[in-house]
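Chemist: The sequence and its predicted three-dimensional model are supplied below.
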Amino acid sequence: MISKNKKLNKKIGLVGFPIDLGADRRGVDMGPSAIRYSNLEHKLENLGYKVTDFGDIDIEISETQKIKNSKLKYLPEIEKTSKILANKVESLLVRNYFPLIIGGDHSTAIGSIAGISNYCRKRNKTLGVIWIDAHADMNTEDTTPSGNIHGMPLAVALGLGHRKLTHINGFSPKVKVDNVALIGIRDVDFLESINIKNLNLTVHTMTEIDKAGIHRIIAKVLNDFKSKVDFIHISFDMDGIDPDFAEGVGTPVPGGLTYRESQLLMEMVADCGCMNSLEILEVNPILDNKNRTANLATELIVSALGKTTLYN
């Protein structure tokens, strides 16, 4: 169903979502600045893209707010700004931009996927989501051990959780279970795992990647998606990568994707030519070393958008 994008005809709309309200650990709100600082725009332009940076969406910091529900921390601001992000992303797609969203914690995906899904729904397109992460992000207010909403965005996209989040743009779910694939998962809460099993989600854990290899896993996911979806969104949490290569993330977990595995994954996405939107999230400069993780995030973005060893 999906067709190849023509790289050089693409114009990119860059949007920053500097949110850290979804997590306990501060610092990921500076992620968009750190990624921009790694010469992202220049590197994309060198690939032949026209890049328009639409700046950051304004988000109130936690110090100006009160937690009204310990199971859904900062829900009002996350709901409000997710709606703004959803509208922004949808407007970029309407104007034929490739949306590139840089975060911010993974609660960013609540708004980005809501906007993409609304765009697809109006055009009878089927959305597919590839979720690259150490975590499944399948908690709800009933299962969360922390109340941190950055552990809930995939559940929200699939229609589980608080209505104020699941029904942004007035409908739910945003994506069908059969059209979601998780890659790199290695840290799942017990009650969260029940949500995953009940929905029969497609999950490629690090154990499976160790056994089969990332090449075989991503090839299978992309091949499956080619036959059943019209639009592919990739949501890439940098903690999907092993902390040895990406230490500056909000919630690092040992045993993740290596540098080459993560690059190969994105290079194969580029070879497929079937990605329609991308978000890179959870870069935390406070925990980083010389902007190393943000630099890697930029490398992954340009790899997914066509950079090769030769000729680029």
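Modeler: Here it is on my side, so go on.
Chemist: going forward, measure contacts between C-alpha atoms and count neighbours the same way
Modeler: Noted.
Chemist: can you pull the pLDDT of the spatially closest residue to residue 245 that is not a sequence neighbour?
Modeler: Counting by CA to CA, 6 or more residues apart in numbering, residue 259 is the residue found nearest to residue 245 once chain neighbours are left out, at 6.2 Å. With respect to pLDDT, residue 259 has a value of 97.
Chemist: next one: residue 310
Modeler: 66.
Chemist: Next: residue 25.
Modeler: What the model reports for residue 25 is a pLDDT of 78.
Chemist: Next, the contact list for it, please.
Modeler: Residues in contact with residue 25 (CA atoms under 8 Å, 6 or more residues apart in numbering) are residue 250.
Chemist: Next, it: phi, psi?
Modeler: phi -80, psi 130 (degrees, to the nearest 10).
Chemist: would you list every one of the helices in the chain?
Modeler: 31-37, 40-46, 75-94, 108-122, 153-157, 163-166, 190-199, 206-212, 214-226, 259-272, 292-304 (DSSP state H).
Chemist: Of the ones you listed, which is nearest residue 146?
Modeler: Between residue 146 and the helices of the chain, the shortest gap by CA to CA is with helix 190-199, which sits at 12.1 Å.
Chemist: Show me the contact partners of that closest one.
Modeler: Outside helix 190-199, the residues touching it (CA under 8 Å, 6+ apart) are 138, 139, 140, 143, 144, 177.
Chemist: mind running it again at 10 Å?
Modeler: 136-140, 142-145, 151-152, 155, 158, 160, 177-178, 187-188, 200-203 (CA atoms under 10 Å, 6 or more residues apart in numbering).
Chemist: Contact partners for the nearest residue to residue 28 once chain neighbours are set aside?
Modeler: Nearest residue to residue 28, sequence neighbours excluded (CA to CA, 6+ apart): residue 284, at 4.3 Å. Applying CA under 10 Å, 6+ apart, we find residue 284 in contact with 20, 25-32, 34, 103-105, 238, 246-251, 291, 293-294.
Chemist: Just the buried residues of those residues.
Modeler: For the contacts of residue 284, burial is judged from neighbour counts taken by 16 or more other CA atoms under 10 Å, and it is met by 20, 26-32, 34, 103-105, 238, 246-251, 291, 293-294.
Chemist: Alright, I will stop here.
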